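Peer 1: From the sequence below, what's the structure:
(chains A and B)
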Amino acid sequence: MGLAQNVIFGLVTGSYIAIAAIGFTLIYGIVNMINFAYGEYLTMGAFIGILTVGVLPLPLPLAAVVAMVGGGLISLLLARLFFTPINQTGPVPMLLTSIGLGLVLRNGIRLTAGQSARYFDTEAITFRFDGLPPLSVGSVDLLGGFFVTSEQLIVMGCAVGVFLLVHTLLTRTDVGIAMRAMGDNENLARVRGIDTQRIRDSVWVLAGVLAALAGVLLGIQTNVSAGTGFSQILQILSAAILGGAGSPYGAIAGSYVIGLVLALSTAFLPAGMTGISSAIAFLILIGVLLVKPSGLAGQEVREA
Amino acid sequence: MAFDNTGRNTRRNFLKAVGAGGVAATAGCLSFGDSGGGSGTITLGQPAAQTGDWDFLQPGVSQATDVAVQQINDAGGPLDREIEVQRRDTAVNPQEARSVVTQLVENDDALALMGLFSSEINPLFDFLQEQQTPVVTPWPGSGYLDTRGGDMGTPDNIDDDQWVWRTVIGDTVHTAGGARRALDEGNDTLGVINGNSEGARSWADGFVAAYEEGGGTVAQRVEVSLGQSSYQSALDRLFGSEFSAFAVSIPLEDATTLLSDWSDGGYGRQPILSDPLAQNDLASQVGGDLDGAWAASPGQAGPSFDSFVETYEQGGDAELNGWTPPAWDAMHVTALAIERAGEATPEAIQQNLGPVSRDGGTEVTTFAEGKEALANGEEISYQGAATPTNFTNFGNVFGPVAINVAGGGEFSQEEVIPAEDIRGLVPEDEY
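Peer 2: From the prediction side, this is the model:
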């Protein structure tokens, strides 16, 4: 078994999680709530994508853009309907509201879209690198042959693109700088003349856009069903907390740690334990938080 | 004063009316709620997989159940009463299944339960015994039930009964058929990859046991958690070992992801699929790389299969699957048990499921034939659509095993291994 191959698998898994986790952690940092309905945002994005491909029909890249626009608008609409009115009640009522909203959305999607999984019609091209010399340490070949598919490259490419755009947004635009200011101290930001409601709305839109993109990418790799996003929410939440809740850069780091741990534990755990690779990822999370409660990026986890 | 008298009279009259109404309502409730020994409709419950990992199999089972009920009612119904089925979704979740069973037994007065999967029965087995309501189910393949369930061959003695009957052949039987074919094809060494759910693990356990019993060797077994976005790491680990074929046991949606990953990774070798995976959706999604993959499924060739199909197709367009004929059999054998008992109670059904199914009586293939034979004082032996439905002492059935092979984006039946060929592989006192 080659380490390089499993690192690639881990990076791909981490990329899915990272795209979604950035949106999740921005909501946490700026709106000050843990949004448990966020998995359903991924699901809705995936459904918009597959409907766009099937009904309009548009090519997949355009469908992904439509899904991102739709995801952003739906996220804003849901926030205006359910979260903005209770902004002042604190994180716990908002957390409970998001759990309820998630249940309603998930079952609503199931009732509306039916039971069957849907699939994007894609063809993957596989690129192989088999001629590499072995670099063995014990039973582990550090290099070995490996392959990467076009779908995996697209996922990792999208993730890198998202990281660059988010970094640019947060450091080079007024909206992004205002988001960071709000994340640090909302009252001070308001005193300095920042329209905090507009910034909250921007965060909701951005989170919806990222969730929709992650949903479409997940749908391409797996399928689109009512449980598409829900099955990922624990990993997204863990990545955000591991990285330091509220920090987009920490969420990216946390996502790749979880992706790599998932892949490497499946590859190297004793044969009877491979089914608990997800649990290993959460053990790492607990371990990191015990040593560094503020997470990898060093931002204090707030009460929620 | 007049006002007071009027008030007292009014209050007295009101209390009388309420009291009389209450008595009438209570009597009415008792009457309406009686699906047992009276003369009303007989209610049977059906815990169903309307959502969840296995929901793609439910439409066929629901349609088979509904057309069976229609045919039974058209023939006069057991004890000249109509049967109705109360269907409730469990999502194949043990917690939900527990609630649904309670609802069906306590609120709906269901006299028997016509569903429940292995993943639900195994953790709830003791709870189901406490309900004292027969579970006659087309779903579970688990080896856990090989020696649990049925009437122990003593129908009159209910004390040793275990209240679970399955009309589908157990994993032990068709995995034995699959293992035999794998060995016959010259696959001396296999890899195995399975999900960590009860059903997926049970199939893999049964297959590996039968395969190793036949002299095969499992080079590598990898268990994966469900719902992952990629199974490449698990595949990479599995294919690090040398073997000629690999067995896959995991729910359909995960299997589609896993086998698409397998196709993308170009791992090659012969896939052997668990029986729920013989679905055209899987073959069309994975594409040509899956051609030649096969699954050993419960055969659909009981004595009354042809007449079942004819009736089934008039009931809708749900796809027929390996659990569809057993659902038809479950309904028929339960209705015949009520007819033979002469009363509609859970205990009566439990005591008569064995006698109406086992060898020795007049062979009947429909409820109408059975009702007539019983009216003539004859014993009967129901001959089912999936299998002959001769319940063993543990409430299990034997039947043929069908080999379905993928090709051109769909599965087609290539071979049927007769029940007699497989029966020798399964000891009588262990099934």
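
Peer 1: where exactly do the helices run in the chain?
Peer 2: No chain specified, so I'll use chain A. Ranges of helices in chain A, per DSSP state H, are A:3-26, A:38-55, A:60-78, A:91-113, A:150-172, A:174-184, A:186-191, A:196-221, A:233-243, A:248-268, A:277-291.

Peer 1: Can you look at chain B instead?
Peer 2: Using DSSP H, helices in chain B cover B:2-32, B:58-74, B:94-102, B:118-131, B:171-184, B:198-213, B:232-238, B:252-265, B:280-286, B:305-313, B:324-341, B:346-357, B:367-375, B:419-423.

Peer 1: if you compare those helices, which one is most tucked away?
Peer 2: Among the helices of chain B, ranked by average contacts under mean count of other Cβ atoms under 10 Å in any protein chain shown, first place goes to helix B:324-341 (a mean of 28). No exception for glycine: its C-beta is placed from N, CA and C like everyone else's.

Peer 1: so that helix versus helix B:367-375, what angle?
Peer 2: Our comparison of helix B:324-341 with helix B:367-375, counting by axes from the mean of the first three to the mean of the last three Cα atoms, to 10 degrees, yields an angle of 20 degrees.

Peer 1: burial count for residue 229?
Peer 2: Because you didn't say which chain, this covers chain A. Residues lying near residue A:229 (other Cβ atoms under 10 Å in any protein chain shown) number 32.

Peer 1: Hmm, no, I was thinking of chain B.
Peer 2: 23.

Peer 1: so who does it touch?
Peer 2: Contact analysis of residue B:229 by Cβ atoms under 8 Å, 6 or more residues apart in numbering or on different chains lists A:13, A:16, A:218, A:221-222, A:232, B:257.

Peer 1: Flag every residue of chain B that's near chain A.
Peer 2: Contact residues (Cβ under 8 Å from any Cβ of the partner chain) of chain B with chain A: B:50-51, B:55-56, B:58, B:196, B:220-225, B:227-230, B:232-234, B:236-237, B:240, B:252-253, B:256-257, B:264-266, B:281, B:285.

Peer 1: Let's see that with 6 Å instead.
Peer 2: Residues of chain B lying close to chain A (Cβ under 6 Å from any Cβ of the partner chain) are B:55, B:196, B:222-223, B:225, B:227, B:229-230, B:232-234, B:236-237, B:240, B:253, B:257, B:264, B:285.

Peer 1: what about the stretch 151-300 of chain A, any weak spots by pLDDT?
Peer 2: Scanning the stretch 151-300 of chain A with the threshold set as pLDDT under 70 gives A:298-300.

Peer 1: Contact residues of chain A facing chain B?
Peer 2: When proximity is defined by Cβ under 6 Å from any Cβ, chain A lies next to chain B at A:1, A:5-6, A:9, A:13, A:16, A:115, A:117, A:119, A:124, A:126, A:149, A:218, A:221-223, A:231, A:263, A:266-267, A:274-275, A:278.

Peer 1: which among the residues you listed end up buried?
Peer 2: Listed as buried from the residues of chain A next to chain B are A:1, A:5-6, A:9, A:13, A:16, A:115, A:117, A:119, A:124, A:149, A:218, A:221-223, A:231, A:263, A:266-267, A:274-275, A:278; burial here means 16 or more other Cβ atoms under 10 Å in any protein chain shown.

Peer 1: Give me the nearest residue to the closest residue to chain B within the stretch 101-250 of chain A, chain neighbours excluded.
Peer 2: Minimum separation of the stretch 101-250 of chain A from chain B (Cβ to the nearest Cβ) falls at residue A:231, amounting to 3.8 Å. Closest residue in space to residue A:231, ignoring its immediate chain neighbours: residue B:227 at 3.8 Å, by Cβ to Cβ, 6 or more residues apart in numbering or on different chains.
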